[in-house]
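Visitor: okay, sequence plus prediction incoming.
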Amino acid sequence: MPTIFITGCSSGFGLETAKLFLEKGWRVIATMRQPTPDILPVSDQLTILPLDVTDPQSVQSAFAQAGEIDVLVNNAGFGAAVPVELTEPETARQLFETNTLGTLATIQAVLPRFRERRSGTIINVTSSATLKPLPLIGVYRASKAAVNALTESLAIEVAPFGVRVHIVLPGRSPETSFGNNALPHLRGLDNADYKPMIEGMIAGFRDANGPVTHSVDVAEAVWRTATDPNAPLRIPAGEDAVQWMAEAGQV
């Protein structure tokens with residue numbers, strides 16, 4: 001029975017991905033900072049573990065408890081909606097520590113096993129926002145774009161060892177907690193120059209009309225990536241992400 005290890009399973013993309021792989025008969029290691037067992041179906045194939053990707057001891061403990069795994073999905077992360085000029089240094093550090101360095105930490109934890117076994121798959125969930133410049137999420141975009149760059153180099157490094165590495169790029173999703181988590185970091189509503197831009201962004205977060213990404217889109221993209229040995233390096237997830245990727249000339 002293949003095993004998948006997923007970070008950030010408390011809601012949204014991670015939660016939906018864990019559910020899908022359970023339905024498909026996989027063994028699922030679902031991790032989250034504060035485990036909430038009742039959000040996932042009761043199953044002998046499910047293990048829920050605490051994991052804070054910014055804490056080295058937490059990372060070490062989670063992978064020790066997980067045992068052998070076949071697929072690592074780096075989904076844990078958060079966003080911040082704030083102009084670059086007004087981004088607090090602590091917010092910038094948190095974004096990179098979670099989104100970028102947290103991803104690096106789990107990769108480094110699992111790669112020795114994959115390399116020794118000459119098999120394994122790493123899937124990094126980033127964002128289609130990295131495909132074109134957008135206002136007010138500059139530092140968030142930078143943290144996710146860094147993961148894209150890391151993944152591209154990593155894919156070349158580990159291919160000789162039989163290890164696959166991929167990027168899943170979701171679009172804007174009204175079903176996730178991204179907007180709610182990003183807004184507490186918001187700065188600039190009291191700034192006459194930035195206020196109109198910020199108010200427009202807040203309205204956009206809450207607008208479910210037009211092409212969007214649903215959590216199931218991301219889960220299905222992860223499933224495709226995990227099960228298709230010929231999957232491309234980059235896979236868009238969601239109608240809007242597909243459009244943006246085509247516009248960027250990456251499809």
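Guide: Received it, and whenever you're ready, just let me know what you need. Numbers count the residues shown, from 1 in each chain.
Visitor: skipping its backbone neighbours, what lies nearest L20 in space?
Guide: Leaving out its chain neighbours, the residue that sits closest to L20 by C-beta to C-beta, 6 or more residues apart in numbering is A219, at 4.2 Å. Every C-beta, even on glycine, is put in place using the N, C-alpha and C of the backbone.
Visitor: wait, the one you found touches T17, no?
Guide: Yes. A219 is within contact range of T17, at 4.3 Å (criterion: C-beta atoms under 8 Å).
Visitor: and those two? which has more neighbours close in?
Guide: Counted by other C-beta atoms under 10 Å, A219 and T17 do not tie: T17 has more neighbours, with 30 against 24.
Visitor: name the SS class of that one, please.
Guide: helix (DSSP: H, G, I helix; E, B strand; the rest coil).
Visitor: tell me the pLDDT at P170?
Guide: P170 carries a pLDDT value of 96.
Visitor: check T176 too.
Guide: 56.
Visitor: circling back: any idea how far the residue nearest to L20 lies from Q243?
Guide: Going from A219 to Q243 by C-beta to C-beta, to the nearest Å gives 20 Å.
Visitor: for D193, same thing?
Guide: Distance from D193 to Q243, by C-beta to C-beta: 30 Å.
Visitor: so for those two, which sits in the more crowded spot?
Guide: Q243 (16 against 9).
Visitor: can you give me the helices for the stretch 51-200 of the chain?
Guide: Assigned by DSSP state H, counting those that start in this stretch, the helices in the stretch 51-200 of the chain fall at 56-66, 89-95, 102-117, 138-158, 178-182, 195-206.
Visitor: and P236, which of the ones you listed is closest to it?
Guide: The closest of these to P236 is helix 138-158. By C-beta to C-beta, the value is 12.7 Å.
Visitor: any idea how far apart the tips of stretch 158-172 sit?
Guide: 31 Å (C-alpha to C-alpha, to the nearest Å).
Visitor: quick one: that stretch to chain centroid distance?
Guide: Its chain's C-alpha centre and that of stretch 158-172 lie 12 Å apart, by C-alpha atoms, centre = their mean, to the nearest Å.
Visitor: would you list the strands that the longest strand anywhere in the chain pairs with, along with their directions?
Guide: Assignment by DSSP state E gives strand 163-170 as the longest strand of the chain. The pairing partners recorded for strand 163-170 under DSSP bridges are strand 120-125 (parallel), strand 234-237 (parallel).
Visitor: as JSON lines, those strands with mean neighbour count, distance to T47 and mean pLDDT would be great.
Guide: Output for those, formatted as JSON lines (neighbours: other C-beta atoms under 10 Å; distance: least, C-beta to C-beta, whole Å; pLDDT from 0 to 100):
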{"stretch": "strand 120-125", "mean neighbour count": "24", "distance to T47": "18", "mean pLDDT": "98"}
{"stretch": "strand 234-237", "mean neighbour count": "25", "distance to T47": "25", "mean pLDDT": "96"}
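Visitor: save these as a markdown table, and put in distance to N99 too.
Guide: Compiled in a markdown table, the strands paired with strand 163-170 are given as follows (distance: least, C-beta to C-beta, whole Å):
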| stretch | distance to N99 |
| --- | --- |
| strand 120-125 | 10 |
| strand 234-237 | 17 |
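Visitor: cool, thanks, signing off.
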